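Engineer: 3D model of this:
(chains A, B, C and D)
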Number of protein chains: 4
Amino acid sequence: MGLNKPFLDQISQTKPGKNNLITDVPGVTVGHQTLVTDRLKTGVTAIIPTKNNVFEHKLAAAGYVINGFGKSTGLVQVDELGTLETPIVLTNTLSVGVAYNYLVKKALAENSEIGLATGTVNSMVMECNDGAVNNIRNLGVTEDDVAQAFSSAGKIFAEGCVGGGTGMCCYDLKGGIGSASRQIEIDGQTFTLGALVMSNYGYVSDLDIYDHQLGNKISQLSEYNKRDEDGSIITVIATDIPFDTRQLKRIAKRSSVGILVLLLVMILGR
Amino acid sequence: MGLNKPFLDQISQTKPGKNNLITDVPGVTVGHQTLVTDRLKTGVTAIIPTKNNVFEHKLAAAGYVINGFGKSTGLVQVDELGTLETPIVLTNTLSVGVAYNYLVKKALAENSEIGLATGTVNSMVMECNDGAVNNIRNLGVTEDDVAQAFSSAGKIFAEGCVGGGTGMCCYDLKGGIGSASRQIEIDGQTFTLGALVMSNYGYVSDLDIYDHQLGNKISQLSEYNKRDEDGSIITVIATDIPFDTRQLKRIAKRSSVGILVLLLVMILGR
Amino acid sequence: MGLNKPFLDQISQTKPGKNNLITDVPGVTVGHQTLVTDRLKTGVTAIIPTKNNVFEHKLAAAGYVINGFGKSTGLVQVDELGTLETPIVLTNTLSVGVAYNYLVKKALAENSEIGLATGTVNSMVMECNDGAVNNIRNLGVTEDDVAQAFSSAGKIFAEGCVGGGTGMCCYDLKGGIGSASRQIEIDGQTFTLGALVMSNYGYVSDLDIYDHQLGNKISQLSEYNKRDEDGSIITVIATDIPFDTRQLKRIAKRSSVGILVLLLVMILGR
Amino acid sequence: MGLNKPFLDQISQTKPGKNNLITDVPGVTVGHQTLVTDRLKTGVTAIIPTKNNVFEHKLAAAGYVINGFGKSTGLVQVDELGTLETPIVLTNTLSVGVAYNYLVKKALAENSEIGLATGTVNSMVMECNDGAVNNIRNLGVTEDDVAQAFSSAGKIFAEGCVGGGTGMCCYDLKGGIGSASRQIEIDGQTFTLGALVMSNYGYVSDLDIYDHQLGNKISQLSEYNKRDEDGSIITVIATDIPFDTRQLKRIAKRSSVGILVLLLVMILGR
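Structural biologist: Residues are numbered from 1 along each chain as shown, chains lettered A, B, ... in the order given. Okay, the predicted model is just below:
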């Protein structure tokens, strides 16, 4: 990744939350459903942003698109209204509709007023194309799989080749889900900022860790599937700092510059 | 609608295409599936933009969001890449996932390279909330219904309370699907611009037609369901004028000012 | 303008503020400098948004661009930071730099910390091209003229062919500055929303007032200079409703649909 | 800057243009006016994008705002029309109006039709706050200074503490103007992409070059003025690859991620 050791050391000295996970942010839980069969290498990750009914107690939210070569749902309304009203589901590109349907049914089950006393619900589904590892044409993610991701959600969750990250590639090696958190002191009060990424980009030749060009060494050991897409990444940031939506959007926008760093924080955080 | 007769006359004097429908634009066809049962008053409208395989032969496209209180899919990628690669489906808000799934399966069936030799596919689904007439909580739109809309597509199609418009309300009266087209001469060559709208907004008191305040008169005859949302409208514009995506975005943006006029063109066009 | 009498009557029944001017919003004052000589038919309008030092006491603000064929300054920072830190100056297109320089010098004079203890200042200047009436190539607006607009500012100000509106055309007739205000009751508290527009667009044939096609009649009386540009309009909206910047941006965006109505409110308001 | 040596070596192996300057792009010339007196440490840089009259022969262009805490002029129209119609001037924040006035007068002098047969002109002025080194309150940049920058323009130009970069700080050390170019082969044809940056950001502790933490060592030698702003940077990219405005915008957007790399390319390029 081309960041040098002193810089990495500097970053890693900042103080993580209890588990160095996005779930260190109060109320946030995460669950996975991992699908590895002969036909499938894919999955679903659910990010539940609050213990409350999020449709009733909407959260301030903002999105920012780094590279719009993606098929997410929900960002348009978040831009307009500045609120999140469902959990966030991460899965493969062609399963967005399945996750959307699950979120709709979950919201209807939990909120009898939807479509009657109130309007409808804005489902948040983010995706990357896991076609380099998974035969994405098999589809195969079901609404039950999404339900499983939700029912497994907790404060502690696996990272790496799990959930929505099951089929992801990063630097032409195995990619997946990573998370980290940091504690920030403001006016004597401690807040937490957490991140979860689903990473699916990069060329092996760019992989340097702690000044070791591991990528080039690895690339001499074996061949790599060249991927069709430039790659993509989903970064979800959560915090209990009371930002408004304009401020949240500025943070989201700047995360595009911070991705390299974010990934390294996670590697170093272990 | 508050536009006066001379202005309406002026608008209606411009020259429509053969059928005064969006399908007057070469290659465009439209089909509906209308669902009216005890449980459902909803449906699906499919707008097929070209005779060709649109995934192989992508079309220049642009979107513009007037009021982002909506749950469409596909706009983010259209903004980034400036191309349309599936037909456009209009349906009710909670059926977006179903339509998304149909478009994915259709694209996979027609393009064996998707997910293998190429990336994935960006499904375009637009929606309005038809909850004022339809019990949207019943869901009930199926992938077969979307398929039916496609198989019924042609140059001639019904307007009004059909397809995606089945459950729509406009000015607290029955809304639905409307379409119109106009011919435009540029450098001696004749081009066509067509529009299709799914209208779902407005208060009866604002309904004036040809200087007659029909809305107020109607409102004295009966009661109206007050709707939960401010209402919404989907406007799809098609043309064979060779615009680039920046120019198309400017047209889309300006259609927000033109909605009143657009609807009236359609009324007068009959 | 094509809006019919009943609709206009309906609009005009809403309750204006004391003077039916943007200055009905507490703290807002407006001043003009009108330049009519052999060489010039142009001017400057200053909108002062608060009695306080606006650099020290920044106001929540948002901008929205309807048609970006314009040369304003300051909108980029308003989008980023959501605050207004200078008054707003309206003038002709080629005098934007002069107005910018005046606002910089005014801010430096009033705020000794600018450029030392704080950052710099974001000058807000909006413009329309008054070249149809004014020989804009003569430039001729000076920083003193901008100063005069400020020193003449008050609660009562002229409308029509004055200040920045001196050289404007509307519907191929004389355009200029117009303003209006409305009172809005929310939870038993009365708020004011005021608007000021500098109008510079439209074709005479589109001018209908109270169902009379005055434009067409007028056009038979004389010839008109066809203008080079599609025309433009600046709409400034002020309110004491405590909106945040996201909400203010939604209002600004919707004003593009409301321009017809806004102008008529002003005509009817007299 | 935290990029490691192997990565820097890899970047520096790509092939620069003849002079490794933005002026390697055909038609582009650059000139500076440097103002260093008791009162001033500031200046002006002019980037002339073509040998032709750019108002008559507009160029495809796009802008992207990384951090909108800035006072540029011209970006709004570039977004709308996708064209550049003046050269680009870089100077200090409070001199934007002066540069704007110069560009207006230059365009009027060269184009007798402006304001008569055509519309007006959209002046492009970009700025950073050089208040950390320059007493920006002194203003002092004149239209003659801007003229000097234009008259000195050529294919070879100085980098570093010159022109608009005279007062800039980078990593709490002296910043300024840097430039580089790279040759790109597409379908057997060689194109050039050039960049010019005016850099004005960063903390000394982040300055690492070739794995040496020079910043920390330097910081032990002396004190630094803490700056009020987070800093800023202007990146101007020019190319003869025939991109449309949508593609140019994607490149501009991605340059925000590339800034670290871009600066290093320039250091290594010498």
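
Engineer: and the strands in the stretch 51-200 of chain A, which stretches?
Structural biologist: Using DSSP state E, counting those that start in this stretch, the strands of the stretch 51-200 of chain A run over residues A:59-60, A:83-84, A:88-92, A:124-128, A:169-170, A:173-174, A:176-186, A:189-201.

Engineer: quick one: list the elements packing against the third one.
Structural biologist: The helices and strands touching strand A:88-92, judged by 3 or more Cβ pairs under 8 Å, 6 or more residues apart in numbering or on different chains; DSSP states H and E, are strand A:41-48, helix A:96-110, strand A:124-128, helix A:143-151, strand A:231-239. Quick note: C-beta positions are derived from backbone N, CA and C, even for glycine.

Engineer: what is the neighbour count of A:P6?
Structural biologist: 18 (other Cβ atoms under 10 Å in any protein chain shown).

Engineer: in whatever helix or strand it lives in, which residues are buried?
Structural biologist: According to DSSP states H and E, A:P6 maps onto helix A:5-12. Judged by neighbour count (16 or more other Cβ atoms under 10 Å in any protein chain shown), helix A:5-12 contains these buried residues: A:K5, A:P6, A:F7, A:L8, A:Q10, A:I11.

Engineer: picking up where we left off before, looking at the helices and strands packed on strand A:88-92, which is nearest to chain D?
Structural biologist: Nearest of the helices and strands packed on strand A:88-92 to chain D, taken as Cβ to the nearest Cβ: strand A:231-239 at 11.6 Å.

Engineer: that closest one - contacts with which helices or strands?
Structural biologist: Using 3+ Cβ pairs under 8 Å, 6+ apart: strand A:231-239 touches strand A:88-92, strand A:124-128, strand A:189-201, helix A:245-269.

Engineer: per-residue confidence for the nearest residue to A:T14 once chain neighbours are set aside?
Structural biologist: Leaving out its chain neighbours, the residue that sits closest to A:T14 by Cβ to Cβ, 6 or more residues apart in numbering or on different chains is A:R182, at 5.2 Å. Listed pLDDT for A:R182 reads 93.

Engineer: who's in contact with A:R182?
Structural biologist: The contact partners of A:R182, taken as Cβ atoms under 8 Å, 6 or more residues apart in numbering or on different chains, are A:T14, A:K15, A:P16, A:G17, A:T192, A:L193, A:G194, A:V265.

Engineer: re the thing from before, out of the helices and strands packed on strand A:231-239, which one sits most buried?
Structural biologist: strand A:88-92 (a mean of 29; mean count of other Cβ atoms under 10 Å in any protein chain shown).

Engineer: skipping its backbone neighbours, what lies nearest A:V65 in space?
Structural biologist: Per Cβ to Cβ, 6+ apart, closest to A:V65 is B:V76, 5.8 Å.

Engineer: so what's the residue count around that neighbour?
Structural biologist: Neighbours around B:V76, by other Cβ under 10 Å: 22.

Engineer: and it, what does it touch?
Structural biologist: A:V65, A:G68, A:G70, A:K71, A:S72, A:L75, A:V76.

Engineer: again, only using 7 Å
Structural biologist: A:V65, A:G68, A:G70, A:S72, A:L75 (Cβ atoms under 7 Å, 6 or more residues apart in numbering or on different chains).

Engineer: likewise for A:T86?
Structural biologist: Contacts of A:T86 by Cβ under 7 Å, 6+ apart are A:V54, A:F55, A:L103, A:A107, A:V121, A:N122, A:S123, A:M124.

Engineer: kindly recompute the last result at 6 Å.
Structural biologist: A:L103, A:S123, A:M124 (Cβ atoms under 6 Å, 6 or more residues apart in numbering or on different chains).

Engineer: for the stretch 1-150 of chain A, which residues are neighbours of chain B?
Structural biologist: A:65, A:68-69, A:71, A:73, A:76-77, A:79-80, A:93-94, A:97, A:100-101, A:104, A:108, A:115, A:118-120, A:122, A:129, A:131, A:136-137 (Cβ under 6 Å from any Cβ of the partner chain).

Engineer: can you flag the buried ones in the residues you listed?
Structural biologist: Here, 16+ other Cβ under 10 Å leaves A:65, A:68-69, A:71, A:73, A:76-77, A:79-80, A:93-94, A:97, A:100-101, A:104, A:108, A:115, A:119-120, A:122, A:129, A:131, A:136-137 buried among the residues of the stretch 1-150 of chain A next to chain B.

Engineer: in helices only, show me those residues.
Structural biologist: A:V76, A:Q77, A:D79, A:E80, A:G97, A:Y100, A:N101, A:V104, A:L108 (DSSP state H).

Engineer: could you dump those into a markdown table and include distance to A:V141 and pLDDT?
Structural biologist: Shown next, in a markdown table, are these (distance: Cβ to Cβ, whole Å; pLDDT from 0 to 100):
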| residue | distance to A:V141 | pLDDT |
| --- | --- | --- |
| A:V76 | 23 | 95 |
| A:Q77 | 24 | 95 |
| A:D79 | 27 | 93 |
| A:E80 | 29 | 93 |
| A:G97 | 10 | 98 |
| A:Y100 | 12 | 98 |
| A:N101 | 11 | 98 |
| A:V104 | 16 | 98 |
| A:L108 | 20 | 97 |
